[in-house]
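[1] sequence and predicted structure are below.
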Amino acid sequence: MTSETTSRTKLQVEENVSPAAEVLRSVQWAEGFLLVYSVTDYMSYQCIRPLYHQIRKVHSDSKFPVIIVANKGDLLHVRQVPSDAGLQMANELGCSFVEISTSENCQDVCDVFQHLCKEITKLQAANPGEKRRGSIMPRPKSPNMQDLKRRFKQALSPKVKASTVA
Ligand SMILES: Nc1nc2c(ncn2[C@@H]2O[C@H](COP(=O)(O)OP(=O)(O)OP(=O)(O)O)[C@@H](O)[C@H]2O)c(=O)[nH]1
């Protein structure tokens, strides 16, 4: 067992939260989603589809907006995911899609957040009877993104899946 694994296990025991549960907690709380992958990391692209299905499963009664965001579009020489693949997946899942580069154009980042907020507002206006989740569910602690990403990858890894099935 590596020291990283040890500290991760310790953290999970201390918080009593599994990686999947932590992702689930954030999914339950949110009313709109930006699913971001890096075009330089095929595995991050592969994480999007299961995450999308988890969102739809948790919110089966609501059609919360989901935008798929391909980041690092400027890194042409190390690209692992073509733009077409991102767009195709977004079309299949019925999501919006945008490819951006946070390092080259921060306006794109603002635009994508604004677009998501508009979509959430539109949905709320169309369903005025539905109580805002923020008023009925406490906001989860801001996640440590580095740790959350590691935990999410761990939750999706074949080893974990196999041991869950067995
Ligand atoms: N060239 C380029 N670099 C980026 C872009 N977005 C993030 N980075 C760089 O990628 C590195 C990791 O960024 P973080 O913000 O830590 O994101 P992360 O989720 O940890 O991403 P990864 O470590 O790349 O998996 C940093 O050095 C960023 O400057 C981008 O659009 N283009």
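    Good, I have the coordinates. Residues are numbered from 1 along each chain as shown.
[2] can you give me the buried ones in the helix or strand hosting residue 114?
    Assigned by DSSP states H and E, residue 114 belongs to helix 106-126. By neighbour count with 16 or more other Cβ atoms under 10 Å, helix 106-126 contains the buried residues 108, 112, 115, 116, 119, 120, 123. Every C-beta, even on glycine, is put in place using the N, C-alpha and C of the backbone.
[3] quick one: residues contacting the residue nearest in space to the middle of the chain.
    The centroid of the chain falls nearest to residue 35 when counting by Cα atoms, centre = their mean (4.0 Å). Applying Cβ atoms under 8 Å, 6 or more residues apart in numbering to residue 35 gives the contacts 48, 51, 52, 66, 67, 68, 69, 95.
[4] what strand or helix carries residue 128?
    Going by DSSP H and E, residue 128 is not in any helix or strand.
[5] count of neighbours near it?
    With neighbours defined by other Cβ atoms under 10 Å, the count for residue 128 comes to 6.
[6] all strands for this structure, in order.
    Applying DSSP state E to the chain gives strands spanning 33-38, 66-71, 96-99.
[7] can you pull the residues of this protein lying near the ligand?
    38, 71, 72, 74, 75, 101, 102, 103, 146, 149 (Cβ under 6 Å from any ligand atom).
[8] possible to save those residues as JSON lines with pLDDT and neighbour count?
    Shown next, in JSON lines, are these (pLDDT from 0 to 100; neighbours: other Cβ atoms under 10 Å):
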{"residue": "38", "pLDDT": "98", "neighbour count": "19"}
{"residue": "71", "pLDDT": "98", "neighbour count": "22"}
{"residue": "72", "pLDDT": "98", "neighbour count": "22"}
{"residue": "74", "pLDDT": "97", "neighbour count": "15"}
{"residue": "75", "pLDDT": "97", "neighbour count": "15"}
{"residue": "101", "pLDDT": "97", "neighbour count": "16"}
{"residue": "102", "pLDDT": "96", "neighbour count": "15"}
{"residue": "103", "pLDDT": "95", "neighbour count": "11"}
{"residue": "146", "pLDDT": "72", "neighbour count": "8"}
{"residue": "149", "pLDDT": "70", "neighbour count": "13"}
